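> Prediction below, plus the sequence it came from.
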Amino acid sequence: MAKRAFDLLGAGLLLLLLSPLMLAIAAWIKLDSPGPVFFRQQRAGRHGVPFRIHKFRTMVADAAQRGGALTLQGDARITRAGAWLRPRRLDELPQLFDVLAGTMSLVGPRPEVPAYVAHYPEALRAAALSVKPGITSPAALEFLDEADQLARAADPEREYIEAILPRKVQLAADYAARSSLRGDLCVLGRTLRRLLAGRGR
C-alpha cells in the first residue's frame, strides 16, 4: 500500500514538473521524423500478465520490420532525436503514465518482451515476475552500457540471452525478495546521480 501511494505521489509530481519538457520532446520527435510520438509495445508485467508500455519513439516508424527487438549502440534505426534522448533515458518519461495506471512502479525489474521471458531460468521466473516492473531498477543501473556490450558481441541475440538476461533475472529476483521503500529511494537516488553525471548510456 505504501509503495503504491509512493508511486502515485512520485509519478504525479514528476509529470507536473516535467510536462513542459515532455511537450517539447513530443514536438521535436514529430518534427524530426515521420511517425507517432509514442512507441507502444507489449511487455510482461507482474506475474507475466501482458501490458502495453509507453515510451517516446526514438527509432524510425518501421523499426520492427528493419531489425530485431534488441537495440545496439549505433543502430541505424535510431533517429536524430532518439540519439539524444536514449542516453539520457528521457524516452522513458511516458512510463510515468504507466505508473499512474498501475501497470508499473517507479522502481522494479525492467519489463521484458514475452519472447525473452520464455528464456527466464525456471527457478527464478516466478520470483522475478512477482512484483510490478519499474522505470528503473538495480539491473538497469548495472547494465547502463548494455547497447555497447551487445554491439561488441559477435552474436548480440545470444549474448543477451546467455550472458545478460540471466543476470538481470537474478537481480530481479533479489529485488523482489528485499523490496522496500527505503531501497526504492536508494535506487532512484543512484539513477538520478548516474544520469546527472552523464552515465545514462
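It's in.

> Can you show me the helices along this protein?
With DSSP state H, the ranges of helices along the chain come out as 2-32, 63-66, 80-85, 95-101, 114-117, 122-128, 138-142, 146-152, 156-159, 165-178, 181-196.

> Confidence-wise, which of those helices is weakest overall?
With a mean of 84, helix 63-66 has the lowest mean pLDDT of those.

> picking that back up, could you dump the helices of the chain into TSV with mean neighbour count and distance to Phe38 added?
(Each C-beta comes from the backbone N, C-alpha and C, glycine too.) Compiled in TSV, the helices of the chain are given as follows (neighbours: other Cβ atoms under 10 Å; distance: least, Cβ to Cβ, whole Å):
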stretch	mean neighbour count	distance to Phe38
helix 2-32	14	8
helix 63-66	13	14
helix 80-85	18	13
helix 95-101	20	10
helix 114-117	15	20
helix 122-128	15	27
helix 138-142	19	20
helix 146-152	17	21
helix 156-159	15	26
helix 165-178	18	25
helix 181-196	14	21
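
> Of those helices, which is nearest Ile53?
When these are compared by Cβ to Cβ, helix 95-101 sits nearest Ile53, at 6.2 Å.

> quick one: contacts of that closest one?
7-8, 10-12, 14-15, 18, 51, 53-55, 104-106, 135 (Cβ atoms under 8 Å, 6 or more residues apart in numbering).

> farthest-separated two in these?
Maximum pairwise distance among the contacts of helix 95-101 (Cβ to Cβ): 22.1 Å, between Leu18 and Phe51.

> hang on, the earlier thing: closest to Ala81 among the contacts of helix 95-101?
Lys55 (12.4 Å).

> partners of the closest one in the sheet?
Per DSSP bridges, the residues bridged to Lys55 are Phe39.

> mind checking how far it is from Arg158?
Going from Lys55 to Arg158 by Cβ to Cβ, to the nearest Å gives 25 Å.

> Is it correct that Pro133 is in contact with Pro111?
Yes: contact status for Pro133 versus Pro111: in contact at 3.5 Å, counting by Cβ atoms under 8 Å.

> Are there residues contacting both of those two? Which ones?
What both Pro133 and Pro111 touch, as defined by Cβ under 8 Å, 6+ apart, is the set 43-45, 104.

> Redo the residues you listed as JSON lines? Include pLDDT, distance to Gln95 and neighbour count.
Output for the shared contacts of Pro133 and Pro111, formatted as JSON lines (pLDDT from 0 to 100; distance: Cβ to Cβ, whole Å; neighbours: other Cβ atoms under 10 Å):
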{"residue": "Arg43", "pLDDT": "97", "distance to Gln95": "10", "neighbour count": "20"}
{"residue": "Ala44", "pLDDT": "98", "distance to Gln95": "15", "neighbour count": "23"}
{"residue": "Gly45", "pLDDT": "98", "distance to Gln95": "12", "neighbour count": "21"}
{"residue": "Met104", "pLDDT": "98", "distance to Gln95": "6", "neighbour count": "27"}
